[in-house]
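1. structure for this input, please:
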Amino acid sequence: MLKHAILGLLAEKPRHGYDIKNEFEKMLGHTWKLNIGQVYSTLARLERDNLVKSEEIPQDCLPDRKVYSLTDAGREELKAWFGEPSRPPARFKVDFFLKLLVAQRAEPSGLLPMIWQQRQVYLQAIADMNALLIKTDDEEMRLLAEGLLLHLDADMKWLDLCEETLSKADVHTSKGEE
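-> Now for the predicted structure:
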């Protein structure tokens, strides 16, 4: 995914690594922080695969700057990526889902407090997205925020289902122990 985002940013214009990092973070409303090392390692692989090329640009009083641009093969790769539908998220790889399953085996009494705590995290994320919607005029950012809000709403409903199911299981377990 990062590979294609970098190709897309380079399709707009040639850029150096920090510019790519900054533009990527700006594009996503600063909700996804990139490690600059990850940017440069991805650029190295893209250059190795002939999807980008680099040029050393001399600078006064500073080290030369390496600027990357898209190759024709890079444009074709980007075009192919645009033509492929994206897969739905692999929901079983969600950190909280795994934590819930492990806790159910290792410490079942902590499940409901864990769900309540996670609900607070989602509520804060919803508040953050709503605040972003209020202060932005950028239509792309509004679409991103609206999409995230829909996902968060689904996550909240899933937490409700988890709480309801686990509460019923707890009641049945308690009655069976009497």
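2. which element is the residue nearest the centre of the chain on?
-> Central residue of the chain (Cα atoms, centre = their mean): residue 32, 6.1 Å from the mean position. Residue 32 is located outside every helix and strand, with elements delineated by DSSP states H and E.
3. phi and psi next, for residue 62.
-> Main-chain dihedrals, residue 62, degrees, to the nearest 10: phi -140, psi 160.
4. surely the residue nearest to the centre of the chain touches residue 21?
-> No: if you go by Cβ atoms under 8 Å, residue 32 and residue 21 don't touch, sitting 10.7 Å apart. C-beta coordinates here come from the backbone N, C-alpha and C atoms, glycine included.
5. any idea what sits nearest residue 153, other than its immediate chain neighbours?
-> residue 126 (7.8 Å; Cβ to Cβ, 6 or more residues apart in numbering).
6. so for the strand or helix carrying that neighbour, mean pLDDT?
-> Taking DSSP H and E as the definition, one finds residue 126 inside helix 111-135. What helix 111-135 shows for mean pLDDT is 93.
7. distance from the chain centre to that helix, please.
-> Offset of helix 111-135 from its chain centre (Cα atoms, centre = their mean, to the nearest Å): 16 Å.
8. from here on, count from 9
-> Yes, from this point I'll number from 9; that puts the last item at helix 119-143.
9. relative to helix 119-143, how tilted is the helix or strand just after it?
-> Downstream of helix 119-143, the first helix or strand assigned by DSSP H and E is helix 147-185. Using axes from the mean of the first three to the mean of the last three Cα atoms, to 10 degrees, the inter-axis angle of helix 147-185 relative to helix 119-143 is 160 degrees.
10. sorry, back to before: confirm for me that the residue nearest to residue 161 is in contact with residue 157.
-> Yes: the pair residue 134 / residue 157 is scored as a contact, 6.5 Å apart, by Cβ under 8 Å.
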